[in-house]
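1. one predicted model, sequence on top.
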Amino acid sequence: MIKKSMITMLALSTLIMTACTQKAPDLGGEEGKNNISDSVDIANDTVTIDENKYGNENTDTVSESKYNSSSDGFQSIYFDFGDYSISSEMENHITSNTNIVNSESNTIKIEGNCDEFGTDEYNYALGLKRAKSVKDAIAAQGVSESKMVIISYGESSPTCSSPTDSCYEKNRRVDLRLVK
Amino acid sequence: MKYVLLVLVLSLNLFAVDAAVKIEKDVENRARIAIVDASTVQNNAFFKILQSDFKISGNFKADTTHHKGDINSNYLIPALKSKEYVLKYALSQNTGTKLLVRLLRASNGAEVFKKNYTIPSKNKTPFLAHKAVSDINKALKYPDISWINRYVIYARYTTPGKSEIVLADYTFNYKKSIIKGGLNLFPKWADKDQKSFYYSAYNGLRPILYKMNIYTGRKVKMATSEGMLVCSDVRKDEKKILLTMAPTGQTDIYELDVASKSKRRVTKFNGIDVSGKYLDDDSSIVFVSDRLGYANIFKKGLSASSVSQVVYHGRNNNAVDTHGSKIVYASRESQNTFGANTFNIYLASSKNSKTRPLTTTGTNQFPTLSVDGNVILYIKHRGNSSSVGYINLTSQQSLLFPISGRKMQSIDW
């Protein structure tokens, strides 16, 4: 028993001595030793891709008096909050837009947009429903669906950024333009 | 005692904790730790990141005092003896970034853990703090918190019609644009190792879904669709993904086989079906639909036709995420057509009908579960400020980090 205790004591004192004479840590570290390699790869740098040549360029803010964010003679169609049905006030715009479609040989791009009061995927789907409503309304007047392409820009392309109801109305819209 | 309480209250305010989460749960069960900065040039930001890391782990109660000391000495001032652990660290940023950490047992100064970290750049320094804390946490055999090492990826609008996709650490102290310019949206990690991500490019007549490697920039076209196209979720084995797309102008949920690129339609509804997320063993999904006239959460089997409602409250439940049987969603609880609305985050389960709120104030959106399903990331808007928030469901700890500027479009981590 005494022998056992002595051995334990000896082992403990050796451990303590080792701790006391521990070599001072080297802050510089050996190259590669203890570097991070697991989990997130911290050391490796990630790329940056510049795609500034792309993007929807047709979203410059337009003055209130000449408000229309469509181009090529088309009239934008506006919608109620959270809605994707075409109101009776917008039917003249549909007729006018159909006349332009009939006089053009180019494909027509129909862009659905939303105000900022939505998030994520749902807002893009709402924008698309608006674009599809306009496409269907024009197709109902005899235009071939193959002549029209729809896309939703969700809340990404506001034409107005003031926190007012009239501004939000301008963003709940469908714009039309020729594909050139 | 009054002063001690005052200091404690002020320190808690540093992180503007969400009111709904019980902060002081199991305080006695957390290891008390002091942090001693032994750097030649003290760095308060780095110290705060270490503090945040220890706090959100739920396993440590970190001292808020920025102590100074010597990295090599095992001597501890008497005030630190009341802690269980003392972390000594030395950060050097002369060439690249070097971090040495030593964890000492406070009672006797014995070294419990020591590690040296070296990276060539300075801008990724926050990741060194995260890695060191998660390593210490692991060494002490506490529940895993390796999620703090992960990248957050998000898209934000820059100007009308343009966006950028950004990588960040979970505290948003590190941020780097990975795709600038164009209209690139809905980033979603493609693999657990965060080597690649899916995103939608809205730069032509039709949106295109790409998969891009973050280190090489190599991108692969995965799918295209008229109207809209989003990768909403990636199956655990990464072999299949859920898409929201509209090949005929009608938004529905599809499942894409990553290898063959073949697709099958999962929902068929003449309205809006979006945001499909795998549920349970990946044989069923939850998704957002307007089939009741407003955005709400529904569930269906991947091969079944029947659809069941998941959420029975709220006026607009338009965002959802899942992990196993856990379901988190954002619910609008006020009726303002315009202006600020109260959105709260709720936690539900596919196993039972229990639902519990996780937030109670402000506009809380984009709820996203961590890879281990234990932590929820969300974006909180309050007044004119926005923050990224984290709620640790296991430890009931929460943190908010302010994020500035441009409007966030979508986020994943």
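-> The structure has been received and is ready for your questions.

2. and the helix or strand residue A:175 falls within, which strands flank it?
-> Taking DSSP states H and E as the definition, one finds residue A:175 inside strand A:173-178. Strand A:173-178 has its sheet partners listed here by DSSP bridges as strand A:77-78 (antiparallel), strand A:108-112 (antiparallel).

3. out of these, deepest packed?
-> Compared across the strands paired with strand A:173-178, strand A:108-112 shows the largest average neighbour count, a mean of 26 (mean count of other Cβ atoms under 10 Å in any protein chain shown). For every residue, glycine as well, the C-beta is placed using N, CA and C.

4. what about it, average pLDDT?
-> For strand A:108-112, mean pLDDT rounds to 97.

5. run through who's touching it.
-> With contact meaning Cβ atoms under 8 Å, 6 or more residues apart in numbering or on different chains, strand A:108-112 is reached by A:56, A:74, A:101, A:126-132, A:134-135, A:138, A:147-153, A:157, A:174-179, B:205.

6. please pick the buried ones from those residues.
-> Buried subset of the contacts of strand A:108-112 (neighbour count, 16 or more other Cβ atoms under 10 Å in any protein chain shown): A:56, A:74, A:101, A:126-132, A:134-135, A:138, A:147-153, A:157, A:174-178.

7. quick check: which ranges of the stretch 301-413 of chain B have low pLDDT?
-> B:334-341 (pLDDT under 70).

8. in it, what residue lies closest to chain A?
-> residue B:318 (4.2 Å; Cβ to the nearest Cβ).

9. the helix or strand containing that residue pairs with which strands, and in what direction?
-> Using DSSP H and E, residue B:318 falls within strand B:316-323. Strand B:316-323 sits in its sheet next to strand B:326-332 (antiparallel), going by DSSP bridges.

10. could you dump the helix or strand following the strand it pairs with to CSV, C-alpha only?
-> Later in the chain than strand B:326-332, the nearest helix or strand by DSSP H and E is strand B:343-349. Presented in CSV, the C-alpha positions along strand B:343-349 are these (Å, rounded to 0.1, in the frame of the first residue of the first chain):
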residue,chain,number,x,y,z
PHE,B,343,-44.4,39.2,-38.0
ASN,B,344,-43.5,36.6,-35.4
ILE,B,345,-41.6,33.3,-35.7
TYR,B,346,-43.3,30.1,-34.5
LEU,B,347,-42.0,26.6,-34.0
ALA,B,348,-44.3,23.7,-34.8
SER,B,349,-43.9,19.9,-35.4
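
11. buried ones in whichever helix or strand comes after strand B:343-349, by neighbour count?
-> Next along the chain after strand B:343-349, taking DSSP H and E as the criterion, comes strand B:355-357. By 16+ other Cβ under 10 Å, the buried positions in strand B:355-357 come out as residue B:355.

12. where in chain A is pLDDT low?
-> Checking chain A against pLDDT under 70 turns up A:1-41, A:53-67, A:118-119.

13. spit out the contact partners of residue A:177.
-> Contact partners of residue A:177, counting by Cβ under 8 Å, 6+ apart, are A:58, A:70-72, A:74, A:108-109, A:111.

14. dump these to CSV, plus distance to residue B:107.
-> CSV is the format used below for those (distance: Cβ to Cβ, whole Å):
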residue, distance to residue B:107
A:58, 69
A:70, 74
A:71, 75
A:72, 79
A:74, 77
A:108, 77
A:109, 71
A:111, 67
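
15. so which of those residues comes closest to residue B:195?
-> Checking the contacts of residue A:177 against residue B:195 by Cβ to Cβ gives residue A:111 as the nearest, at 34.2 Å.

16. which non-adjacent residue is nearest that closest one?
-> The shortest distance from residue A:111 to any residue other than its chain neighbours is 4.6 Å, reached at residue A:175 (Cβ to Cβ, 6 or more residues apart in numbering or on different chains).

17. the one you found contacts residue A:69, correct?
-> Yes - the criterion here is Cβ atoms under 8 Å, and residue A:175 meets it with residue A:69 at 5.1 Å.

18. can you give me the end-to-end span of stretch B:354-370?
-> Using Cα to Cα, to the nearest Å, the end-to-end distance of stretch B:354-370 comes to 21 Å.

19. what's the answer for stretch A:81-99, then?
-> End-to-end distance (Cα to Cα), stretch A:81-99: 28 Å.

20. buried residues, that stretch. List them.
-> So, applying 16+ other Cβ under 10 Å, buried residues of stretch A:81-99: A:82, A:84, A:86, A:90, A:93-94, A:97-98.

21. which residues are contacting that stretch?
-> Taking Cβ under 8 Å, 6+ apart as the rule, stretch A:81-99 contacts A:74-80, A:115, A:117, A:126, A:129-130, A:132-134, A:137-138, A:141, A:143, A:168, A:172, A:176, B:294, B:337-338.

22. and the pLDDT for residue B:2?
-> Looking at residue B:2, its pLDDT is 45.

23. which of the contacts of stretch A:81-99 fall within strands?
-> Among the contacts of stretch A:81-99, the members found in strands (DSSP state E) are A:77-78, A:176.

24. now tabulate these in CSV and tack on distance to residue B:172.
-> CSV is the format used below for the ones in strands among the contacts of stretch A:81-99 (distance: Cβ to Cβ, whole Å):
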residue, distance to residue B:172
A:77, 39
A:78, 37
A:176, 39
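
25. what is the neighbour count of residue B:312?
-> Residues lying near residue B:312 (other Cβ atoms under 10 Å in any protein chain shown) number 10.

26. ends of stretch B:222-231, what's the gap?
-> By Cα to Cα, one end of stretch B:222-231 lies 10 Å from the other end.

27. can you give me the buried ones in that stretch?
-> For stretch B:222-231, the neighbour count (16+ other Cβ under 10 Å) marks B:222-231 as buried.

28. where does the prediction get shaky in chain B?
-> The model of chain B has pLDDT under 70 over residues B:1-28, B:334-341.

29. domains for chain B, by residue range?
-> As given by automatic domain parsing, the domain ranges for chain B are B:15-146, B:154-412.

30. how far off centre is the longest one?
-> Just to be clear, that refers to domain B:154-412. Here domain B:154-412 is found 12 Å from its chain centre; the criterion is Cα atoms, centre = their mean, to the nearest Å.

31. quick one: end-to-end length of that domain, please.
-> By Cα to Cα, the extent of domain B:154-412 from end to end equals 6 Å.

32. hang on, the earlier thing: tabulate the domains of chain B (a markdown table), appending distance to residue A:42.
-> Listed next are those as a markdown table, based on distance: least, Cβ to Cβ, whole Å:
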| stretch | distance to residue A:42 |
| --- | --- |
| domain B:15-146 | 4 |
| domain B:154-412 | 10 |
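
33. brilliant, that's me finished.
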